[in-house]
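Participant: Here is my input, please return the structure:
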Amino acid sequence: MSKKHVSDINIRVELDDNRVPEKILWNAKDGGVEAAAAKAMLLSIWDHKAQETLRIDLWTKDMPVDEMKKFFHQTLVAMADTFERATQDEKMSATMRDFCEYFAEKMELLEK
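Facilitator: Below you'll find the model as predicted:
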């Protein structure tokens, strides 16, 4: 019987006295990441039994709003890409990408 490989991803959140995130650090040794700093994170986990998404959405108190807008835009684009890979639904993925363009335009993220 072969031994299965286990890969850990760890997230450390340092809070201030009011329990507001000040620092987010993460490790993924298999990916070569150790104590990498982050300003925000969105984590979604599918609960098969309950048929619902469990989420953790965190950002540090010094996360700039302009960076949050970019973070959301890039996350939405990545979700469209992942949705296409997972479902092979090209039509809906294209619709999602259209929304991403609209989002970028409304958030003034497009280069002029």
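Participant: for the chain, what spans make up the strands?
Facilitator: When assigned using DSSP state E, the strands of the chain occupy the ranges 10-15, 21-28, 33-38, 40-47, 52-59.
Participant: deepest of those strands, which one?
Facilitator: Of the strands of the chain, the one with the most neighbours on average (mean count of other CB atoms under 10 Å) is strand 21-28, at a mean of 16. Heads up, the C-betas are built off the backbone N, CA and C, glycines and all.
Participant: For R12, list the residues it contacts.
Facilitator: Applying CB atoms under 8 Å, 6 or more residues apart in numbering, we find R12 in contact with K23, I24, L25, W26, N27.
Participant: picking that back up, among the strands of the chain, which comes closest to V77?
Facilitator: Put simply, out of those the one that sits nearest V77 is strand 40-47, at 13.4 Å, with distance taken as CB to CB.
Participant: who does the closest one touch, helix- and strand-wise?
Facilitator: Strand 40-47 sits against strand 21-28, strand 52-59, helix 65-87, with contacts defined as 3 or more CB pairs under 8 Å, 6 or more residues apart in numbering; DSSP states H and E.
Participant: what lines up beside that strand in the sheet?
Facilitator: Strand 40-47 has the following strand partners under DSSP bridges: strand 52-59 (antiparallel).
Participant: related to what we said a few turns ago, among the contacts of R12, which one sits closest to V13?
Facilitator: Top of the list for closeness to V13, among the contacts of R12 and by CB to CB, is I24 at 5.5 Å.
Participant: Show me the shaky parts of this protein.
Facilitator: Within the chain, the segments meeting pLDDT under 70 span 112.
Participant: center of it, which residue is that?
Facilitator: Nearest residue to the geometric centre of the chain (CA atoms, centre = their mean): L42, 4.1 Å.
Participant: Surely that residue and T75 touch.
Facilitator: Yes: the criterion here is CB atoms under 8 Å, and L42 meets it with T75 at 6.1 Å.
Participant: Which residue ranges make up the domains of the chain?
Facilitator: Under the assignment the TED database, the domains of the chain span 1-61, 64-111.
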